[in-house]
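Engineer: how would this look folded up:
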Amino acid sequence: MNIKTTPILIAILVFISITGFYSTNDAPSDGWTEIGFPYPFYTFTGGKIDPAAVNEIEMGFILRYFLIDLLVLALFIYVFNYADKTYKIVKK
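Structural biologist: Sure, this is the predicted structure:
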């Protein structure tokens, strides 16, 4: 398959937009900050939360979720390249 730059950049921008849309930043107000799509690879809390709840969840950077997110990004790139090849979305 011939890989083009434009569909790759579009796929990366779409993935970053989706990641930003699904991220939460509630740590300053006794909640959780989670970043990542489909799995939150970074989780943080800075508020007053029950210690039992904090112990049940993995905190900080989670490498396996980050790698899964990168695999999803690779799938996005593949699908966008396939759509471009099949439907001629990007003009030459």
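Engineer: the closest residue in space to Y22 that isn't next to it in sequence: neighbour count?
Structural biologist: Sequence neighbours aside, F37 is the residue nearest to Y22 in space, at 4.8 Å (criterion: CB to CB, 6 or more residues apart in numbering). The way it works is simple: take the backbone N, C-alpha and C, and place the C-beta from them, glycine included. Residues near F37, counting by other CB atoms under 10 Å, number 19.
Engineer: correct me if wrong: F37 contacts L70.
Structural biologist: No: judged on CB atoms under 8 Å, F37 makes no contact with L70 at a distance of 11.3 Å.
Engineer: list the buried ones in the helix or strand of the chain with the lowest mean pLDDT?
Structural biologist: Lowest by mean pLDDT, DSSP states H and E among the helices and strands of the chain is helix 51-56, with a mean of 73. The neighbour-count check on helix 51-56 (16 or more other CB atoms under 10 Å) flags nothing as buried.
Engineer: ok, now stretch 74-92?
Structural biologist: For stretch 74-92, a neighbour-count test (16+ other CB under 10 Å) marks F76, I77, F80, N81, D84 as buried.
Engineer: low-confidence stretches in the protein?
Structural biologist: Counting by pLDDT under 70, the chain has low-confidence residues at 1-3, 47, 90-92.
Engineer: change it to 80
Structural biologist: Counting by pLDDT under 80, the ranges of the chain that qualify are 1-4, 27-31, 46-57, 88-92.
Engineer: and the longest helix for it?
Structural biologist: helix 63-87 (DSSP state H).
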